[in-house]
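Novice: 3D, please:
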Amino acid sequence: MFEFQTLKNKIEDVLLKEKGSKFIGFAYPVNSESEVKNQLHLLREIHPKATHHCYAYRLGINGENYRANDDGEPSGSAGLPIYNQLLAHDISNVLLIVVRYYGGTKLGVGGLVKAYKESAKLTLADAEIITKELESEIEIRFKFSQQNIIFTILNKYDAKILSFDAQENCIISANIKMSQKENISNELSEMPLEYHID
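Specialist: Alright, predicted model coming up:
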């Protein structure tokens, strides 16, 4: 089973107002923790005056790599309700962030849970959810004279070329579907070249 559900596109600036506080929802398809960090960093630059940047993410086919963060809100009042929306929609490789601007009226823990849940739910309400196949990165080193054969094999398995360094000894990086990993390995292993699959 190499498939999971995720977002087709990012969703930004979904606004919810609650007793003067503004909750702004954002959702991003992500593939790694470094992408999560970059996206959070960017949002903090866009919303430096926000009181809280609460978020949750799930990575991996079964969402086995996950985190929920309250960013200074009472424990369990923000990150968890956001995370629960990722579970409710059964999506992975998604970062869901709710940025809060405090409006002067305290909402209490119950009020916060409700507001963060609502904001996360509203953000995902517009989402287009797609099924994706898990991919793996492959790196192949080969002689320039072999490039036609290599490209033929990569095309056959629908690989996405990430980079190609064409020298006397070439290096190519590509994403391949996990379900094709064994087939592509078998074909490459019959040739005089070096390759590495994550």
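Novice: contacting residues around the residue nearest the centre of the chain?
Specialist: Centroid check for the chain by CA atoms, centre = their mean gives Val30 as the closest residue, at 1.5 Å. By CB atoms under 8 Å, 6 or more residues apart in numbering, Val30 lies in contact with Val36, Gln39, Tyr57, Leu59, Asn93, Val94, Leu95. In this view, the C-beta of every residue, glycine as well, is placed from N, C-alpha and C.
Novice: which of those residues lies closest to Arg67?
Specialist: Nearest to Arg67 among the contacts of Val30: Tyr57, at 5.9 Å, using CB to CB.
Novice: give me the buried positions along the helix or strand where Gly111 lies.
Specialist: Secondary structure from DSSP states H and E places Gly111 in helix 108-125. For helix 108-125, burial by neighbour count (16 or more other CB atoms under 10 Å) applies to Leu112, Val113, Ala115, Tyr116, Lys117, Glu118, Ser119, Ala120, Lys121, Leu122, Thr123, Leu124.
Novice: wait, the second one sits on Ser75?
Specialist: What it means is Val113. No. Counting by CB atoms under 8 Å, Val113 sits too far from Ser75 to count as a contact (11.2 Å).
Novice: what confidence value was assigned to the residue of the chain most remote from its centre?
Specialist: Distance from the centre of the chain peaks at Ser145, with 37.3 Å (CA atoms, centre = their mean). We have a pLDDT of 90 for Ser145.
Novice: quick one: it is in a helix?
Specialist: Yes. Checked against DSSP: H, G, I helix; E, B strand; the rest coil, Ser145 lies within a helix.
Novice: on that earlier part again, so can I have a markdown table of the contacts of Val30 showing neighbour count, secondary structure and pLDDT?
Specialist: A markdown table is the format used below for those (neighbours: other CB atoms under 10 Å; DSSP: H, G, I helix; E, B strand; the rest coil; pLDDT from 0 to 100):
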| residue | neighbour count | secondary structure | pLDDT |
| --- | --- | --- | --- |
| Val36 | 20 | helix | 96 |
| Gln39 | 18 | helix | 97 |
| Tyr57 | 28 | strand | 98 |
| Leu59 | 21 | strand | 93 |
| Asn93 | 23 | coil | 95 |
| Val94 | 26 | strand | 97 |
| Leu95 | 27 | strand | 98 |
